[in-house]
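Participant: please find the sequence and the predicted model below.
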Amino acid sequence: MSTADQKPLGSGFRAKSEPDELLADIDLSGKTAIVTGGYSGIGLETTRALASKGAAVIVPVRDPAKAAENLSTVAGNVSSAQMDLADLDSVRSFAASVLDAVDTLDILINNAGIMACPLERVGPGWESQFGVNHMGHFGLTAALMPLLEKAKAPRVVALSSIAHKRNSILWDDIQFENGDYHKWVAYAQAKSANALFANGLSRRMAAFGGRAFSVHPGGIFTPLQRHLPQEEQVEMGWLNKDGSVPSAVAEIFKSTSQGCTTSLWAATSPLLDDKHGLYCEDCDVAQLMDENSPPFLHVAPHVCDDESAERLWTLSESLLAIA
């Protein structure tokens, strides 16, 4: 990927465009999509939007009861099957069920994630944010690759975050086995990994006409904040002491429907037909960060680095092999 391509294309959409604007000229009839976390927050709105345009949407679910309740509000061809990104046996079982059920996979949106959690370990001892946000999706995508290869111009979208700007991969201590654990450093690492994953994946998908992109959805109040106490959100400036949202935050933050639009754009826009592995925000390709970049926009060079993407890919393959 050339960093020269990491610049806005002039999509014509806005930060707070709604799904019906993004998909007004898009027909997804006959397409199959998978949306991880597709029954909550922006994932639910992503599912709703794709189904409204004719896609058959499969939603992996960790909580079947909650999923059934939430997905009952979605019109269209939507199905679900059990999966837990923290459990690679579960991921493989879900993927096997999809391989048996459909012939091709046109859109994979790796939307699910956890944020700023206390230190927990998943799989063979992985730090949970890296294990769930990156390795779970890495394993899922690898298992579904045969279906992506059979589709015409398939796309994979990996949800990153502006938090990636804080730090890249902690190559010497990815699992926080030696140094002190910091939940935001771990989250930034995981979100950097998501962007680097899209970079590496897009090169591999190019062989069969596929594309992969990473996305910063924007600031949105969703269940992703479940590990953050109110006092911490007040300290960060996201909430007032009375629990209300400051006007400056309300101006920047998006609704859940607005929060899914960059994912939809990355998954469907013809403007990206000849692009690979780019990081997107506000329904367009993001600008490469420089000294004048605002804190909540643009992409850091460390997640646009092909060498780092390949290093992470090789590491992830070795971790997957022993999990």
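Facilitator: That came through fine. Note that the structure is predicted; figures quoted are calculated from it, not measured.
Participant: ok, and what's touching stretch 260-267?
Facilitator: Outside stretch 260-267, the residues that touch it by C-beta atoms under 8 Å, 6 or more residues apart in numbering are 11, 13, 17-19, 21-23, 33, 42-43, 45-46, 49-50, 107, 109, 111, 155, 157, 159, 213, 215-218, 272, 280-284. (Glycine included, C-beta is placed from N, CA and C.)
Participant: can you rerun that using 7 Å?
Facilitator: 11, 13, 17-19, 22-23, 42, 45-46, 49, 107, 109, 111, 155, 157, 159, 213, 215, 217, 272, 280-283 (C-beta atoms under 7 Å, 6 or more residues apart in numbering).
Participant: can you tell me which of those are buried?
Facilitator: When the contacts of stretch 260-267 are checked for burial by 16 or more other C-beta atoms under 10 Å, the buried set is 11, 13, 17-19, 22-23, 42, 45-46, 49, 107, 109, 111, 155, 157, 159, 213, 215, 217, 272, 280-283.
Participant: so which of those residues sit within helices?
Facilitator: The helices, defined by DSSP state H, take in P19, L22, I42, E45, T46, A49 from the buried ones among the contacts of stretch 260-267.
Participant: which of those residues lies closest to G179?
Facilitator: When those are ranked by distance to G179 (C-beta to C-beta), I42 comes first, at 32.2 Å.
Participant: and the pLDDT at that closest one?
Facilitator: Predicted confidence (pLDDT) at I42: the value is 96.
Participant: show me the contacts for it.
Facilitator: N111, P217, I220, T222, T256, G259, C260.
Participant: where do the helices sit along the stretch 51-200 of the chain?
Facilitator: In the stretch 51-200 of the chain, the segments counted as helices under DSSP state H, counting those that start in this stretch are 64-71, 88-101, 128-129, 137-150, 183-205.
Participant: can you add mean pLDDT and mean neighbour count and give these back as TSV?
Facilitator: TSV is the format used below for the helices of the stretch 51-200 of the chain (pLDDT from 0 to 100; neighbours: other C-beta atoms under 10 Å):
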stretch	mean pLDDT	mean neighbour count
helix 64-71	96	15
helix 88-101	98	17
helix 128-129	98	24
helix 137-150	98	20
helix 183-205	98	24
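Participant: in TSV: the ones you listed, plus distance to K7.
Facilitator: As requested, the helices of the stretch 51-200 of the chain are arranged in TSV below (distance: least, C-beta to C-beta, whole Å):
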stretch	distance to K7
helix 64-71	37
helix 88-101	35
helix 128-129	30
helix 137-150	26
helix 183-205	16
